[in-house]
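S.K.: How does the following fold in three dimensions:
(chains A and B)
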Amino acid sequence: MAGLHDKLHKNPILFAILATVVVLIGTIVTMLYPMLRPEMHPKLENLKPYTALQLAGRDIYQREGCFYCHTQTVRPLKTEVMRYGEYSKAGEFAYDHPFLWGSKRTGPDLARIGGKYPDAWHYRHLENPRAFFKESNMPSYAFLKERKLDPQEVERHMKALGFPYTKEEIEALKDKTEMDALVAYLQVIGTAVKKKEEAIEAKVMEEKNPLVGDKEAIKRGKELFEKNCMVCHGDDGKGGIGPSLQDNVWLGKEGDISDGKLFSIISDGTQAGMPPFGKQIDKNGIWSIVSYIRTLQKK
Amino acid sequence: MDEYRYDYQTVKGFIYSSIFWGVVGILIGLWISIQMWHPNANLPPYFTFGRLRVVHTNGLAFGLGVGAIFGIFYYITMRLCRRPLLFPKLARFQLYLFNAAIALSALSLLAGYTQSLEYAELEWPFDIGVVILWVMFAVNIFGTILKRKEEQMYISLWYIIATVIAVAVLYIINNLSIPAGLLKSYHLFAGVNSANVQWWYGHNAVGFVFTTPILAMFYYFLPKSTGLPIYSHRLSIIAFWSLVFAYLWTGAHHLVYTPLPDWIQTLGIVFTMFLIAPSWGSVVNGYYTVGQDWDKAKNSYLTKFFILGITFYGLQTVQGPTQGLRIVSQLIHYTDWVPGHVHMGTMGWVTMTVAASIYYIIPKIYNTEIYSVKIANTHFWLVLIGQLIFSITMWITGIQQGALQKAVNPDGSLKYTMVEIIAKNYPFWEMRTLGGLIFAIGMLFFVYNIYMTARKARA
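M.R.: Below is the predicted model of the structure:
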């Protein structure tokens, strides 16, 4: 060993060749060899290439460095799946050049953000994150609303990646802002994985609200409401991105919504864009919110 | 002794450039640390966290790190080969090109031109610039080594050769991309594969920019400043080959619990654990080197820089592999623990060793003594305290983030929303800025000391 090395460190060419070989072994086994295997190139059946608008949005996501604070992989860990949804699958990322999984989660993971909130939520949140979350440290991206997309540039990008597009699609971009594009991208992230459907067709909770009129529960419900619901449903539930909860129309159409139905909507969400809270708020908490909402309606 | 002319002007040029970019990078670091707890410090569109963070990391890795590597490697190579550089004019030109490239790169990143690959963000025209710079460097290093006047290649030259080769391989492969415009490209690789290539690169950028080059400096300047030879030649041989072999296997520890195939993750974790051995080979060698004659070693004010530096390297290379383990990764991955870890390496090991090397070189070049040992000592204590406050604060808050994200109520539902968790970070983020500020002040003492040494010599 030492004898060989004596020769080696008098011969830089031999040394350099050996060093190259040594560096390449791990490279080949862990990087080049996997690349040749199909397991590194999976694609989910219903995964589609990005549309022109979505790709333009992804370019902006990259440009603004969103991935330095937001990851895009849900790990197969229990609480992580509870917080965000299905864990990430290898086949979701086939059109991602490059991957944007990130390495730091200063804000929440975005792997399942697509379809979680209505578009209007994202527009307002990107414009002023602290209007929604007082303690958020995210910068404001209001300037994206002022900037128009350049359709030719987006077309060049689509061509480079070989994604299919139509002339009309490119044409339509000239009226779009960067904000439109970013929201379109956010809304498609993670949507190739089907959400667990059973929850969405809201099953009505059979139990009666055990906390009707309970003063402590109403107090807690108000706190929970302000923390979780107010950003969309407004102060005292007067409405905003989400519908007003004081509004007779919303209540009246099919008769009053029962406490059980309200519970299910809060717990499981709706297809109209209400996110599910059942995994973040415990059962008593949801009943408390229902009790609180009932006090609003009596106004 | 100086019958031949060493290219000290170029060495100095690179060292001063690296100090300049280092100060810029540290100030931007302070700025983004403030943005974490004071969001109004974001000035969109150019000065948001998302754009400035990358200028901080690239400015320090490429401006301070690579600039110091260019300058100090040229110095070490000339001394160990006992001859001037083979192509002095090329090195001179490389210096100008380097500064132009760093300045333009920084502007391009602020303008939002990025490949979104960590530590490989620069867009393709800049990548070509980096490759040209590296080829110029390699030609000069290898040329000078081939024409050397000293038969034996000392340990530092092994690390220099490995650095030059590995960085070239890593940088070229990970930057392969599909150009889509003058300043826009897409990674040639997609999805899981893109992730695997990127973190093979990303971790080895740490390995071959922040580890092997710094070890080259350590092995050269520790014996030089203490007057003691490296304790074990055999140990340095074993540590060298096993380090450069094992490093390349470990990138996947950045992708634990992601959709990357499990076998690659596991292989990455196993080799990461193995990496403790060669890392500690150098740590032990360093300790025993000064242990041979402590009375002699402690005469040099630089000894404490090198020994603290290698100690942080030792802690870093135990903490790093621990983080790779699934049981640890699930808690601290994606949290502020990781920046705490990174900054122990960069502020504790890299900057400490580079600064000590510069303290050694600059007076030698001017044929004088350092302006003030007292200021150097102040610098030492400030950067040490600043770094400890930074890292320890981030470890605590990282564990807190991980634990709160996992916390559940008795009925199994999640206890905290994400924004509630963010709110609990603020005091720690403020503390981090304080640590960074103390560190930055320490570095200003260093800059002042170097400046005054040069001024004294010229007078």
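
S.K.: check contacts around the residue of the stretch 151-299 of chain A found nearest chain B.
M.R.: Going by CB to the nearest CB, chain B is nearest to residue A:160 of the stretch 151-299 of chain A, at 3.5 Å. C-beta: built from backbone N, CA, C; applies to glycine. Neighbour list for residue A:160: B:178-180, B:185-186 [criterion: CB atoms under 8 Å, 6 or more residues apart in numbering or on different chains].

S.K.: Tell me which stretches of the stretch 51-200 of chain B form helices.
M.R.: B:67-81, B:88-110, B:124-146, B:155-174, B:191-209 (DSSP state H, counting those that start in this stretch).

S.K.: and the shortest one, does that touch chain A?
M.R.: Put plainly, it is helix B:67-81. No - Helix B:67-81 is not in contact with chain A by CB under 8 Å from any CB of the partner chain; minimum separation 9.9 Å.

S.K.: Of all the residues in that helix, which ones are buried?
M.R.: B:67-81 (16 or more other CB atoms under 10 Å in any protein chain shown).

S.K.: hmm, back to that, can you name the two of the contacts of residue A:160 that sit furthest apart?
M.R.: Using CB to CB, the contacts of residue A:160 span at most 8.4 Å, a distance reached by B:179 and B:186.

S.K.: Settle it for me: which of these two has more neighbours?
M.R.: residue B:186 (23 against 14; other CB atoms under 10 Å in any protein chain shown).

S.K.: show me what contacts the more buried one?
M.R.: A:97-98, A:157, A:160-161, B:177-178, B:180 are the contacts of residue B:186 under CB under 8 Å, 6+ apart.

S.K.: any idea which of these is closest to residue A:290?
M.R.: residue A:98 (45.3 Å).

S.K.: How about the residue of chain B positioned farthest from its centre: what's its closest non-neighbour residue?
M.R.: The outermost residue of chain B relative to its centre, with distances by CA atoms, centre = their mean, is residue B:411 at 46.1 Å. Leaving out its chain neighbours, the residue that sits closest to residue B:411 by CB to CB, 6 or more residues apart in numbering or on different chains is residue A:282, at 4.7 Å.

S.K.: repeat for residue B:237
M.R.: Closest to residue B:237 by CB to CB, 6+ apart is residue A:5, at 5.2 Å.

S.K.: pLDDT (mean, whole number) over the helix or strand containing that neighbour?
M.R.: Assigned by DSSP states H and E, residue A:5 belongs to helix A:2-8. Mean pLDDT, helix A:2-8: 78.

S.K.: quick revisit: now the helix or strand where the residue of the stretch 151-299 of chain A closest to chain B lies: buried residues?
M.R.: Here residue A:160 sits within helix A:151-161, counting by DSSP H and E. Neighbour-count burial for helix A:151-161 flags A:151, A:154-155, A:157-158, A:160-161 (criterion: 16+ other CB under 10 Å).

S.K.: what's the closest of these to residue B:114?
M.R.: residue A:157 (14.3 Å).

S.K.: Below-threshold pLDDT in the chain: ranges please.
M.R.: You didn't pick a chain, so chain A it is. A:1-2, A:196-203, A:248-256, A:297-299 (pLDDT under 70).

S.K.: The chain in question should be chain B.
M.R.: B:1-5.

S.K.: hmm, back to that, just curious, which of the contacts of residue A:160 is nearest to residue A:87?
M.R.: residue B:186 (26.1 Å).

S.K.: what's the neighbour count on the spatially closest residue to that closest one that is not a sequence neighbour?
M.R.: Take residue B:186 and drop its neighbours on the chain: the residue closest to it by CB to CB, 6+ apart is residue A:97, 3.9 Å away. Burial of residue A:97 is recorded as 23 neighbouring residues (other CB under 10 Å).

S.K.: Contacts only, for the closest residue to residue A:69 other than its chain neighbours.
M.R.: Computed as CB to CB, 6+ apart, the closest residue to residue A:69 that is not its neighbour in sequence is residue A:106, at 3.9 Å. By CB under 8 Å, 6+ apart, the residues touching residue A:106 are A:68-70, A:137, B:36, B:422.

S.K.: hang on, residue A:106 in a helix?
M.R.: No - looking at residue A:106 with DSSP: H, G, I helix; E, B strand; the rest coil, it is coil, so not inside a helix.

S.K.: Look at the residue nearest the centre of chain A and give its secondary structure.
M.R.: Taking CA atoms, centre = their mean, the centroid of chain A lies closest to residue A:113, which sits 1.7 Å from it. Classification of residue A:113 using three-state DSSP returns coil.

S.K.: wait, what's in contact with it?
M.R.: Taking CB under 8 Å, 6+ apart as the test, what residue A:113 contacts is A:186-187, A:189-190.

S.K.: These into TSV, with extra columns for distance to residue B:332 and neighbour count?
M.R.: Formatted as TSV, those follow (distance: CB to CB, whole Å; neighbours: other CB atoms under 10 Å in any protein chain shown):
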residue	distance to residue B:332	neighbour count
A:186	27	25
A:187	31	19
A:189	25	21
A:190	24	25
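
S.K.: Among the residues you listed, which lie within helices?
M.R.: Under the assignment DSSP state H, those contribute A:186-187 to helices.

S.K.: Arrange the contacts of residue A:113 in TSV, one row each, with distance to residue B:193 as further columns.
M.R.: TSV is the format used below for the contacts of residue A:113 (distance: CB to CB, whole Å):
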residue	distance to residue B:193
A:186	24
A:187	26
A:189	19
A:190	19
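
S.K.: Return the member of the contacts of residue A:113 nearest to residue A:84.
M.R.: Using CB to CB, these come closest to residue A:84 at residue A:190, 8.9 Å.

S.K.: ok, now how distant is the closest one from residue B:444?
M.R.: To residue B:444, residue A:190 is 46 Å away according to CB to CB, to the nearest Å.

S.K.: do residue B:148 as well
M.R.: 38 Å.

S.K.: For stretch A:179-191, which outside residues touch it?
M.R.: By CB under 8 Å, 6+ apart, stretch A:179-191 touches A:50-51, A:53-61, A:72, A:85, A:88, A:92, A:110-115, A:119, A:122-123, A:126-127, A:141, A:144-145, A:147, A:149.

S.K.: try stretch A:283-292
M.R.: Under CB under 8 Å, 6+ apart, the answer for stretch A:283-292 is A:209-214, A:217-218, A:220-222, A:224-225, A:228-229, A:259, A:262-263, A:266-267, A:277-278, A:281, B:411, B:413.

S.K.: Any of these buried? List them.
M.R.: With burial judged by 16+ other CB under 10 Å, the buried subset of the contacts of stretch A:283-292 is A:209, A:211, A:217-218, A:220-222, A:224-225, A:228-229, A:259, A:262-263, A:266-267, A:277-278, A:281, B:413.

S.K.: Can you report how many residues neighbour the closest residue to residue B:182 other than its chain neighbours?
M.R.: Of all residues beyond its chain neighbours, the one nearest residue B:182 is residue B:125 (7.1 Å), with distances taken as CB to CB, 6+ apart. Per other CB under 10 Å, the neighbour tally for residue B:125 reads 15.

S.K.: Same check on residue A:280?
M.R.: There are 21 residues near residue A:280, going by other CB under 10 Å.

S.K.: Check residue B:213 too.
M.R.: 28.

S.K.: Look at it and give its secondary structure.
M.R.: Once three-state DSSP is applied, residue B:213 turns out helix.

S.K.: could you list every residue that touches it?
M.R.: B:65, B:69, B:72-73, B:159-160, B:163.
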